[in-house]
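Asker: Sequence below, structure please.
(2 chains)
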2 protein chains.
Amino acid sequence: MAKGTPLCVGLDPRWEALPLAIRAAYADTPAGRAQAYEEFCLRILELAAPEVGVVKPQSAFFEACGPAGMLALLKVMQSARQRGLFTILDAKRGDIASTAEAYAEAAFDVFDADAVTVSPYLGRDSLTPFFKAGRSRGRGVFVLVRTSNPGAGQFQDLATGGRPVHEHVAEAVEAWSNEHPGQAGCGDVGAVVGANSPAELARLREMMPHCWLLVPGYGAQGGTAADVRVAFQERGRGAVVNSSRGVLFPYRPDATDWEDAVAAAITKAKAELPAVS
Amino acid sequence: MAKGTPLCVGLDPRWEALPLAIRAAYADTPAGRAQAYEEFCLRILELAAPEVGVVKPQSAFFEACGPAGMLALLKVMQSARQRGLFTILDAKRGDIASTAEAYAEAAFDVFDADAVTVSPYLGRDSLTPFFKAGRSRGRGVFVLVRTSNPGAGQFQDLATGGRPVHEHVAEAVEAWSNEHPGQAGCGDVGAVVGANSPAELARLREMMPHCWLLVPGYGAQGGTAADVRVAFQERGRGAVVNSSRGVLFPYRPDATDWEDAVAAAITKAKAELPAVS
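Answerer: Numbering: from 1, shown residues only, chains lettered A, B, ... in the order given. Presented below is the predicted three-dimensional model:
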C-alpha cells in the first residue's frame, strides 16, 4: 500500500469541532458550513497526503449542507485524487437494483470514488450494480459486515444456522470478492469490520482471506492498535484502518496550532499501526 | 389520509424513460439531467397533487446528477410541500449514531421531508438519531423490514430463533413505534414492506399493528392491488402503497400525450386500491 501504512484518514467534518480559525470565516448556514468543510478538508488533505495513501470522506456531513455540501464533497474528492490518494466514499448505500445503479453512478462517475461503502440488508441483487459498475471502471466496493457502533449486534449478531447473521454476510462477501481476484490476493469486494472485538475481527479475517478489510472504530471509537493487528494479512497487508475524529480533532476548537496537532496525530497513528511492506 | 387514497406517487426520474418532449430540451450531462428531472417531477406533482396525498422522491436519481441534482431534489421537495403533499424522502440511510445525526439533519432540515426511509442493519443506536430528530419536528421514519427486490431474502429471511431476521426487525419497529403513539393509532416509526408476498405482508401487518406500512413493489415491480389489501388496517388506513414506474412512465418516450397517460395511470391505481375513509 502506498506510503507504507494501513492508516486511512476519515474526512468527517463536524461544525462544532472545526478549528475556530476556520469556523469564524464562514456563516453558520448550510452554504457557509459547506465552504468551511471544504477549506478544512483540503487543509487536512494537504497534511495527510505525504503520510497516508487512503482517505475516506463521509458523505453524511456534506449532505447535511444540501447542494452546496455536495459541491464541497466533489471538490474534496477531486483534490484527493489530484494528490494521488485512494478515495473511499463512505455512503453506506443500498437499494433495489435499478436504484442501486444510480447510486453507483453517483459514487463512481460523479464523485469519482475509488471505492464506496454499501449496506447488505437488501441482498445480492442490490449490490450487483455496484460490483458491475466498479469492475467496469477498476473501482471497488466495501460491504458492511460487522460495524463498530454499540448497537451493531441487534440484528448483525442474531444467531442463524449456528452463527451470527454477519458471518453469513462475510461468507457472501468472500465469495463476491473471489469473482474478480486482484493481483495482490484480494478481490475488488471488501468488508467493513469494526475494531471493537479482536476475537470477532480475527474470525472474520479468517472467513474472508481474500478480502480487503476496512476497519473503523480505531482511535476515538475505542479500538486500539493492538485490537486491529489481527485484521492484517502478512506484512501488514489487506486492511485499511480508519481514524476520523482521532486524527481530525485532537485539539480544542480555539487551538491556534491545530495543524501541528493533526500532523502529530497522524504520525502517532502511523507509528502504532504495523508498517506495510 | 388526504385525498382518500393510500396511493403514493414515487418520484424516480430516469433519463432513458423521460418523455422526449422534456429530454430534448436539456443536455445529457449531470446538470442537464438534473434540470430535466426537476421539470419532469414538477409536472408530475402538478398532475398528482389533486389526486394523491403522498409522494416519495428517490434520492438516488438526483444524487446521480451531482450537486445540481441535489438542488433539483430540493426544488421538487419544496414544490411538493407547497402543494400540501406529504413527502417521504426515499434515502435508505443508516450509519453510526453521530453520522446518522447528520443524515437526519439532511432529511428533515435541508430537504424538509415529512418522513425518511432508513436501513436497520446497524441496529437501534443508528436509528435513534432519526427518531429523535423526527420527533422534535413532528416528522416520521420508515425502517426497511422486508424489501420487494428478488434477492431480498438472502439476509432478511435467514432463520433465527425460529423466524426470519426481518421479523426481528418488525418486532423492533413495532416497539419503536409504540414509544411515540399518534392519534390515528399509529406511531411515528413505520415499516417498509414489499408487496410481493401477500402471506408475508399479512403476517407483518399482524406483527406491527401500530405501524404505518410503506408498501413498494405495487405495479411495475409485480405486486397487484389484491396483493396489498392485507397491508391495511380497517377502512383502508395505516398503509401507503407506492407506485413509481407504473405511474411515471406508462407511455413510450416519444408519446406526445404522456401527461394524459400519467393522469390515467393515477386514476387506475386509485380505483384499484381501497378508498381510505
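
Asker: Every contact and neighbour count from this point should use C-alpha atoms.
Answerer: Will do.

Asker: quick one, phi/psi of A:Gly223?
Answerer: With angles defined as degrees, to the nearest 10, A:Gly223 sits at phi -70, psi 140.

Asker: Give the residue spans of chain A that score low on pLDDT.
Answerer: Across chain A, the ranges flagged by pLDDT under 70 are A:1.

Asker: redo that, cut-off 80
Answerer: Scanning chain A for pLDDT under 80 picks out A:1-2, A:183-184, A:220-221.

Asker: Map the structural domains onto the sequence of it.
Answerer: Domain assignment for chain A, taken from automatic domain parsing, gives A:1-84+A:244-277, A:88-242.

Asker: need these in JSON lines with distance to chain B, can you?
Answerer: Converted to JSON lines, these look like this (distance: least, CA to the nearest CA, whole Å):
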{"stretch": "domain A:1-84+A:244-277", "distance to chain B": "4"}
{"stretch": "domain A:88-242", "distance to chain B": "4"}
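
Asker: Of all those, which one is nearest B:Thr117?
Answerer: Checking the domains of chain A against B:Thr117 by CA to CA gives domain A:88-242 as the closest, at 10.8 Å.

Asker: need the domains of chain A in a markdown table with mean neighbour count, can you?
Answerer: Formatted as a markdown table, the domains of chain A follow (neighbours: other CA atoms under 10 Å in any protein chain shown):
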| stretch | mean neighbour count |
| --- | --- |
| domain A:1-84+A:244-277 | 20 |
| domain A:88-242 | 21 |
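
Asker: now those in CSV, with distance to B:Cys211?
Answerer: Listed next are these as CSV, based on distance: least, CA to CA, whole Å:
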stretch, distance to B:Cys211
domain A:1-84+A:244-277, 27
domain A:88-242, 20
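
Asker: Quick check: which of these is nearest to B:Pro198?
Answerer: Going by CA to CA, the one of those nearest B:Pro198 is domain A:88-242, 18.9 Å.

Asker: which residues does A:Val193 form a beta bridge with?
Answerer: A:Arg146 (DSSP bridges).

Asker: hang on, A:Leu45 packs against A:Ala80?
Answerer: Yes - contact criterion CA atoms under 8 Å: A:Leu45 and A:Ala80 qualify, at 6.6 Å.

Asker: end to end, how far does stretch A:252-260 reach?
Answerer: 13 Å (CA to CA, to the nearest Å).

Asker: do the same with stretch A:116-127
Answerer: By CA to CA, one end of stretch A:116-127 lies 11 Å from the other end.

Asker: show me what contacts A:Ala115?
Answerer: A:Thr87, A:Ile88, A:Leu89, A:Ala107, A:Phe108, A:Gly134, A:Arg139, A:Gly140, A:Val141, A:Phe142 (CA atoms under 8 Å, 6 or more residues apart in numbering or on different chains).

Asker: Over to A:Ile266?
Answerer: A:Ala48, A:Glu51, A:Val247.

Asker: Just to check, the first one is in contact with A:Cys8?
Answerer: No - proximity of A:Ala48 to A:Cys8 does not meet the contact threshold set by CA under 8 Å, at 9.3 Å.

Asker: Sitting in helices, which of the contacts of A:Ala115 do you find?
Answerer: Per DSSP state H, helices hold the following members of the contacts of A:Ala115: A:Gly134.

Asker: The stretch 151-277 of chain A: strands as residue ranges?
Answerer: A:159-160, A:163-164, A:189-193, A:213-215, A:239-243 (DSSP state E, counting those that start in this stretch).

Asker: and the third one, what does it pack onto?
Answerer: This points to strand A:189-193. Counting by 3 or more CA pairs under 8 Å, 6 or more residues apart in numbering or on different chains; DSSP states H and E, the packing neighbours recorded for strand A:189-193 are strand A:140-146, helix A:165-178, strand A:213-215.

Asker: got the CA positions of that strand in PDB?
Answerer: This file holds the C-alpha atoms of strand A:189-193, laid out as PDB (Å, rounded to 0.1, in the frame of the first residue of the first chain):
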ATOM      1  CA  VAL A 189     -15.200  -6.500  -2.900                       C
ATOM      2  CA  GLY A 190     -14.000  -5.800   0.600                       C
ATOM      3  CA  ALA A 191     -15.700  -5.800   4.000                       C
ATOM      4  CA  VAL A 192     -16.300  -3.200   6.700                       C
ATOM      5  CA  VAL A 193     -15.400  -4.800  10.100                       C
END
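
Asker: would you list the contacts of A:Ile266 in a markdown table and tack on distance to A:Asp114?
Answerer: Putting the contacts of A:Ile266 into a markdown table (distance: CA to CA, whole Å) gives the following:
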| residue | distance to A:Asp114 |
| --- | --- |
| A:Ala48 | 17 |
| A:Glu51 | 19 |
| A:Val247 | 22 |
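
Asker: Helices - which of the residues you listed land there?
Answerer: Among the contacts of A:Ile266, the ones falling in helices (DSSP H) are A:Ala48, A:Val247.

Asker: mind checking the end-to-end distance for stretch A:3-13?
Answerer: Stretch A:3-13 end-to-end distance (CA to CA) = 24 Å.

Asker: scratch that, stretch A:214-230
Answerer: OK, stretch A:214-230 end separation, CA to CA: 13 Å.

Asker: Other residues contacting that stretch?
Answerer: With CA under 8 Å, 6+ apart, stretch A:214-230 has contacts from A:142, A:147-149, A:190-198, A:201-202, A:205, A:231, A:239-246, A:272-274.

Asker: Ok, stretch A:245-261 next?
Answerer: A:9-12, A:16-21, A:44, A:47, A:219-220, A:262, A:265-266.

Asker: Take the residues you listed and keep only those in helices.
Answerer: Using DSSP H, the contacts of stretch A:245-261 in helices are A:Leu20, A:Ala21, A:Ile44, A:Leu47, A:Val262, A:Ala265, A:Ile266.

Asker: just the strands in the stretch 1-150 of chain A please.
Answerer: With DSSP E, counting those that start in this stretch as the criterion, the stretch 1-150 of chain A has strands spanning A:7-11, A:54-57, A:86-93, A:115-118, A:140-146.

Asker: Let me have those in TSV, adding distance to B:Pro120 as columns.
Answerer: Below are the strands of the stretch 1-150 of chain A laid out as TSV (distance: least, CA to CA, whole Å):
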stretch	distance to B:Pro120
strand A:7-11	23
strand A:54-57	22
strand A:86-93	12
strand A:115-118	13
strand A:140-146	12
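
Asker: if I pick the residue nearest the centre of chain A, what's in contact with it?
Answerer: When CA atoms, centre = their mean is applied to chain A, the residue found nearest the centroid is A:Lys56 (4.3 Å). By CA under 8 Å, 6+ apart, the residues touching A:Lys56 are A:Cys8, A:Val9, A:Gly10, A:Leu11, A:Thr87, A:Ile88, A:Leu89, A:Asp90, A:Asn242.

Asker: Same question for A:Leu47.
Answerer: Here A:Leu47 is in contact with A:Glu259, A:Val262, A:Ala263 (CA under 8 Å, 6+ apart).

Asker: what do you get if the cut-off is 7 Å, keeping everything else the same?
Answerer: A:Ala263 (CA atoms under 7 Å, 6 or more residues apart in numbering or on different chains).

Asker: Repeat that for the one 10 residues further on.
Answerer: Taking CA under 7 Å, 6+ apart as the contact definition, A:Pro57 lies against A:Gly10, A:Leu11, A:Asp12, A:Ile88, A:Leu89, A:Asp90.

Asker: Now for A:Arg235: which residues touch it?
Answerer: A:Val276, A:Ser277.

Asker: and if you look at A:Gln154?
Answerer: With CA under 7 Å, 6+ apart, A:Gln154 has these contacts: B:Gly123.

Asker: The one 4 residues further on now?
Answerer: Each residue near A:Leu158 by CA under 7 Å, 6+ apart is listed here: A:Pro164, A:Val165, B:Thr160.

Asker: and which of these is nearest B:Pro67?
Answerer: A:Val165 (36.4 Å).

Asker: so what's the closest one closest to, chain neighbours aside?
Answerer: Spatial nearest neighbour of A:Val165, excluding adjacent residues (CA to CA, 6 or more residues apart in numbering or on different chains): A:Gln156 at 5.2 Å.
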